[in-house]
Structure formats: C-alpha cells, structure tokens
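[1] Here is a sequence together with a model predicted from it:
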Amino acid sequence: MIVRGKPGFLALFFVYHGSIIPRVIPQILLVALLSSVVVWVHLKFPSLFPQLNTASFGFIGIALSLYLGFRNNACYDRWWEGRRLWGQLLFEGRSLLRLGLSYGGGQSALHRHIVQCLMAFTDCLRDQLRNQDPMPKVRRWLSAADCATVDQAVNRPDRILQLIGEQIALEVSKGAIDSVTARNFEQRLVALSAVQAGCERIFNTPIPFAYMLLVHRVCYIYCFLLPFGLVADSGLATPLLTAIVAYAFFGLDELSCDLEQPFAINDNGLALNALTRTLERECLQTLGEHPLPPPVASHNYRLN
C-alpha cells in the first residue's frame, strides 16, 4: 500500500514511487512509437491516410471508459471489503483478548493460549491469502504438537480457532469458567471464522476472465487505431496525444488488476503485515512482554 501525502502541483508530474507509470511504460512507448511511424508516413505520403471522422473514436472511447469504470468499481469494492474484513478481525481479536484478560488474567494459561493462537491465526490467514507457507510463522506461537495438527489440517486457520475452542471446553470441564462465558468466547470465534470465510471468498473468486480479456483487447485495439484517426488533424502532436490516452486507459486497467486481489503484495495491496503487527503488539502487551516489536514502517512510501 502506498502511504504518502498529496504532492504539490509541480511535484505531481514527477512522482515516481507509487505511480502506475513504471508498469505501463512499455505500452505507452509502443503506442507513441506507432504514432510516430504513422506521422512520418503521413508526412511522406499525405494521401495515404483518408480524412477520418474522429467522432467514431470518441464513441469507442466513451464505451471503453464505461467498461474500465465498471471494472475499477468492481475491483475497488473487493479491495474495500478486504480492508473492512481485516478491520473486523482486529475488532474481534481485541474482544477475544478482553475476554481472556477478564476471565483468566494476564498470566493465566488460558489467556496465554488465546494470545498465541490468535497471533498464529492472523499470521496463518495472512500468508495463506498471499500464497505463502504460513508454518514458519505459526511455529513462533504454537507448541510442536499443535503445529503438527495445524500443518496436517485441510484448513489451517480454522484448525487454530479450534485449538482455542478446545481450550475453552477444557476450562469449562474444570469449572474455571461457566457456560455463559464460554458462549461469549464462542461468539468471538464464530466472528473470526466469518472474517476468514469472507477473505477466502475474495481470494478464490476473481473477476470473470472473459470480462478482463474484453477490456484488455479493446484497450489495445483503440490505442493502436487512434493515431490513424488523429494524424490528419493533429499532425506532429499525434504521438503526445495518443501517449496520454494510452497512459489513462492502460493505467486504469493495470490499477484494477492490483485492486482485484487486495491481499497480494503490490503497491496497492492491503498492508496486512502492518495490521498483523498492530494486533501482535497489543497481544504481547497483555502478557507483559517488553520491549514490544516496533510498528511496521513504510519503505519508499510502501507499507506492506
């Protein structure tokens, strides 16, 4: 995720870190090069290109803008839902911590087990959403026996929540907590499971491929045909005009690709490491740990 203030008027045109330009510069240069060739041919052979009506390109451009706008809105909805779900995870995690402190105490085995499993759950869910192996980080928090059961589970984050549920059931059987309190714990676990299911829904359900392919094709076709429609009226300015159009269309298309997968590690992905570290610091503080790990800082305006 890019975190930086709004640049000034002049700096706005020279911002590089966080800009989409580095990723679309090949398409922009290709369109500008094609436009330059078209301009050169038009200067040598003026009669080769007929006077085209640019209104038709305007209609196609409007249609393409609508396609890109719809796709960007759909992708942003996925990004925002992912952020909302991780905000809910922080909320439910803090609620679970309060229950553990209230009914177990900061140094009790119950609270320590909840803290360890909660951190293992967030680390596991984050890495699973990023197609990374979660077990190295899970081993930081869980015992060897618990890690073995988690590693063999089909759904690892859910298995970690089950470990908390098993510990709550054990406390009930010993008479340490009553059934009403146990139900409160279970409600928090159910809410965390719902957060996991929502994240998995986003992760496993991409925007339909056919729609993405349609937008890509129309972008390329439009930008490749545009120089032929502008050269007669725009002359030497054609490469600049087509490059600006290519930047707008290809940039929006590339941005939507980032927003489509909000949990991926890219410039516009959610800062899951920072969110996980926030909860980790709060968890360790309840155990009296010192010093706490520092918050995740941005590097070159990027916060992961």
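    Right, received. Where do you want to start?
[2] Buried ones in stretch 263-273, by neighbour count?
    Residues of stretch 263-273 classed as buried: 263-264, 266-273 (neighbour count, 16 or more other Cβ atoms under 10 Å). In this view, the C-beta of every residue, glycine as well, is placed from N, C-alpha and C.
[3] same deal with stretch 184-191?
    Going by neighbour count (16+ other Cβ under 10 Å), the buried part of stretch 184-191 is 185, 188-189, 191.
[4] Go through the residues you listed and flag which are in helices.
    The helices, defined by DSSP state H, take in 185, 188-189, 191 from these.
[5] Which one of the buried residues of stretch 263-273 is nearest to P22?
    The closest of the buried residues of stretch 263-273 to P22 turns out to be D267 (Cβ to Cβ; 9.4 Å).
[6] Which one of the buried residues of stretch 263-273 is nearest to S256?
    Out of those, the one with the shortest distance to S256 is N268. That distance is 9.8 Å, counting by Cβ to Cβ.
[7] Need the three-state assignment for the closest one.
    Secondary structure assignment for N268 (DSSP: H, G, I helix; E, B strand; the rest coil): coil.
[8] That one and Q261, how far apart?
    10 Å (Cβ to Cβ, to the nearest Å).
[9] got it, and F70?
    Here F70 is placed at a distance of 18 Å from Q261 (Cβ to Cβ).
[10] Which one's more surrounded, those two?
    Taking F70 and Q261 together and counting by other Cβ atoms under 10 Å, Q261 has the greater number of neighbours (23 against 13).
[11] pLDDT value on the more buried one, please?
    The pLDDT attached to Q261 in the predicted structure is 90.
[12] so it makes contact with L270?
    No. The pair Q261 and L270 does not pass the contact test of Cβ atoms under 8 Å, sitting 9.8 Å apart.
[13] Not counting sequence-adjacent ones, nearest residue to L272?
    Of all residues beyond its chain neighbours, the one nearest L272 is R126 (4.6 Å), with distances taken as Cβ to Cβ, 6 or more residues apart in numbering.
[14] Tell me where the longest helix sits in the chain.
    The helix spanning the most residues in the chain, taking DSSP H as the definition, is helix 54-104.
[15] counting contacts, what elements does that one pack onto?
    Contact analysis of helix 54-104 by 3 or more Cβ pairs under 8 Å, 6 or more residues apart in numbering; DSSP states H and E lists helix 109-129, helix 179-204, helix 209-234, helix 238-260, helix 272-286 as its packing neighbours.
[16] if we can go back for a sec, I'd like to know which of the buried residues of stretch 263-273 is nearest to R98.
    Nearest to R98 out of the buried residues of stretch 263-273 is L272 (Cβ to Cβ; 23.2 Å).
[17] what separates that closest one from L236, distance-wise?
    Distance, L272 to L236, by Cβ to Cβ: 48 Å.
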